[in-house]
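Participant: Predicted structure and sequence below. I'll ask about it afterward.
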Amino acid sequence: MNAEYEAVIGLEIHVQLSTKTKMFCGCELSFGDDPNVHTCPVCLALPGVLPVPNEQAVRYALQIGAALGCELSPVSTFDRKNYFYPDNPKAYQITQAANPFAVNGQLGEVRIHHAHLEEDAAKTIHTGGGGRISGSDASLVDFNRGGTPLVEIVTEPDLRSGAQVREWGQLLRATIKQLGVSDVNMEEGSLRCDANISVRPAGSETLGTKTELKNMNSFRFIERGIEAEIARQMEIVSAGGQVVQETLHFDPGTGELHSLRSKEEAHDYRYLPEPDLVPVVPTQAMFDAAKNSLPELPAARAARYKELGVSEQAALLLSFETDWAGYFEGVMAADASIDPRVAANWVTGEFAAELRKQDDQPLTEAKVTPAGLATLISLVADRKISHGAGKTVLEEMVASGAEPVTVVAEKGLEQISDSGELEKIVIQAIEDNPKPAEQIRAGNEKAIGALVGAVMKATQGRADGGEVNRLLRQHLGI
Ligand SMILES: [Zn+2]
């Protein structure tokens, strides 16, 4: 990246709320049904209908605002955002512009400008020649999604790179998932992220011309799309050129950016107050419920795990996935004597890797119980089996669900605790490998690896590494 310039990135994130019904009518919300089965005069915008706000959506929105550390507005109001497109039968979208329900928050290192409630547009499907209307190009509209409650979260331009956006996006997703107010499934579109990107000379306070990168369906693609756009803009400004304000699409297949349209200015939408809806004035009980119902959120959980001594990486992995956090807590609860750092490393390291290796087993279907894994960790920690043998046992546990003690007995993996027996093997290894033994005595301590390997091979990994090292050094006289 060019050191003379820095990137400035702000995000607009749309979160579909998982209420039972739509934002302003009683139509059911469901994903994957036949098109246009969940519609009514309100969400189809037939003349004379009036919207009625969904109270559950307001409650969910307040929870999101509270989780993002926002000030919750005592009064928020709806506005009309005017635009003409087939996915929008009223020719305006009901949103909150002047008085959003939540302002001035912060999540991690990123400030939240505000969060507002709005309704989603219908879904347009553009067929090619081979589409549903055979032999013709057509645009079809599915109104099932039209009117779905959305919370749009708008950040301050506090992000500086694609990687930072991915990491922060994952924190945001985990936080909202924890609230249980949205599926936050990016592939199904219940979490959508647009990025505003500009570059400026490093240290400058003014913002450069921004482009908007739209609708990417995974944080990994977002990271790549943003990096590609930053590189493109830096090349332009380095050459003395001007970035053009436009909306872009990133194709993860080719790694290319395409222009969708030149960006509308905000005033093109002619926002005006929605006359059909009274202001939203939540009761004190609703505010209290939103704040008091907050579970332990990922950022707080990561901090707590780090306090327990868990490594930064493992703490983040566990905190972002509630299933994994639950599993880790289960291991800790099964045996209080286990070191949390060691347990977290087993859960996020060897155990996760073994699940991936065996047909990508989801954690929820794992045959190994937290108590079973706790037993295994204790066996290794108490030096009943070596770390290497522990991995062998885990492999069998994940495959068959067997108890660790049974696997250890069946495979004869108990660590050699008889130091006399181990000593004989060590002496034999030195005799069988005169060359490394000589090198070690001559001062090349690194050569000891070959002898440790020989002992481990002879004992099939059943020897304690530290003890092997000690005995080797003793008999080599170093
Ligand atoms: Zn409806």
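Facilitator: It's in.
Participant: May I ask you to confirm that residue 455 is in contact with residue 429?
Facilitator: Yes: using Cβ atoms under 8 Å, residue 455 is in contact with residue 429, at 4.9 Å. Just so you know, the C-beta spots here come from the backbone N, C-alpha and C atoms, and that holds for glycine as well.
Participant: Could you pull out the residues contacting both of those two?
Facilitator: Here residue 455 and residue 429 have residue 472 as joint contacts, going by Cβ atoms under 8 Å, 6 or more residues apart in numbering.
Participant: The one residue in the stretch 201-350 of the chain that gets nearest to the ion: what's it in contact with?
Facilitator: Closest approach between the stretch 201-350 of the chain and the ion, counting by Cβ to the ion: residue 276, at 14.8 Å. Residues in contact with residue 276 (Cβ under 8 Å, 6+ apart) are 50-51.
Participant: If I look at residue 128, what pLDDT would I see?
Facilitator: As predicted, residue 128 sits at a pLDDT of 67.
Participant: so what are the domain limits for this protein?
Facilitator: Here the domain parsing of the chain from automatic domain parsing is 5-291, 298-411, 419-476.
Participant: where does the closest residue to the ion within the stretch 101-250 of the chain fall, helix, sheet strand or coil?
Facilitator: Closest residue of the stretch 101-250 of the chain to the ion, Cβ to the ion: residue 147 (5.7 Å). Under DSSP: H, G, I helix; E, B strand; the rest coil, residue 147 falls in the coil class.
Participant: what comes into contact with stretch 450-464?
Facilitator: 383, 385-386, 388-389, 392, 412-416, 422, 425-426, 428-430, 432-433, 436-437, 440, 465, 468-469, 472.
Participant: Endpoint to endpoint, that stretch covers what distance?
Facilitator: End-to-end distance for stretch 450-464, by Cα to Cα, to the nearest Å: 16 Å.
Participant: Next: stretch 298-314.
Facilitator: By Cα to Cα, the extent of stretch 298-314 from end to end equals 13 Å.
Participant: Pull the residues that contact it.
Facilitator: Stretch 298-314 is contacted from outside by 107-108, 171, 174-175, 178, 296, 315-316, 318-320, 325, 328, 339-341, 344-345, 347-349, using Cβ under 8 Å, 6+ apart.
Participant: In helices only, show me those.
Facilitator: Among the contacts of stretch 298-314, the residues falling in helices (DSSP state H) are 171, 174-175, 178, 315-316, 318-320, 325, 328, 340-341, 344-345.
Participant: Check the secondary structure at the residue of the stretch 201-350 of the chain closest to the ion for me.
Facilitator: Following three-state DSSP, the label given to residue 276 is coil.
Participant: low-confidence ranges in the stretch 301-450 of the chain?
Facilitator: 417 (pLDDT under 70).
Participant: what about the helices in it?
Facilitator: Using DSSP state H, counting those that start in this stretch, the helices of the stretch 301-450 of the chain run over 312-320, 322-334, 340-345, 352-357, 370-381, 387-400, 404-411, 419-432, 434-441, 448-458.
Participant: Could you pull out the buried residues of the fourth one?
Facilitator: Across helix 352-357, burial judged by 16 or more other Cβ atoms under 10 Å covers 352, 354-355.
Participant: List of residues touching it?
Facilitator: Contacts with helix 352-357, where a contact means Cβ under 8 Å, 6+ apart, come from 324, 361-363, 366, 394-395, 398.
Participant: Write out the residues of the protein neighbouring the ion.
Facilitator: Residues of the chain found near the ion, taking Cβ under 5 Å from the ion as the criterion, are 25, 27, 40, 42-43.
Participant: out of those, who's nearest residue 291?
Facilitator: residue 25 (29.0 Å; Cβ to Cβ).
Participant: wouldn't the closest one be in contact with residue 42 here?
Facilitator: Yes: at 3.6 Å, residue 25 counts as touching residue 42 under the criterion of Cβ under 8 Å.
Participant: can you list residues touching both of these two?
Facilitator: Common contact partners of residue 25 and residue 42 (Cβ under 8 Å, 6+ apart): 51, 147.
Participant: What's the per-residue pLDDT of residue 170 here?
Facilitator: Here, the pLDDT recorded for residue 170 equals 92.
Participant: Okay, strands next: where are they in this structure?
Facilitator: Remark: strands assigned in the chain by DSSP state E are 5-16, 71-72, 79-82, 92-95, 102-107, 110-119, 123-127, 138-142, 149-155, 191-201, 211-216, 246-251, 256-262, 272-273.
Participant: rewinding a little: just the buried subset of the contacts of stretch 450-464, written out for ChimeraX, thanks.
Facilitator: Buried subset of the contacts of stretch 450-464, written as a ChimeraX selection, criterion 16+ other Cβ under 10 Å:
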select :385,386,388,389,392,413,415,416,422,425,426,429,430,433,436,437,440,468,469,472
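Participant: Longest helix in the protein, please.
Facilitator: helix 219-238.
Participant: Which other helices and strands does it contact?
Facilitator: Judged by 3 or more Cβ pairs under 8 Å, 6 or more residues apart in numbering; DSSP states H and E, the packing partners of helix 219-238 are strand 5-16, helix 162-179, strand 191-201, strand 211-216, strand 246-251, strand 256-262.
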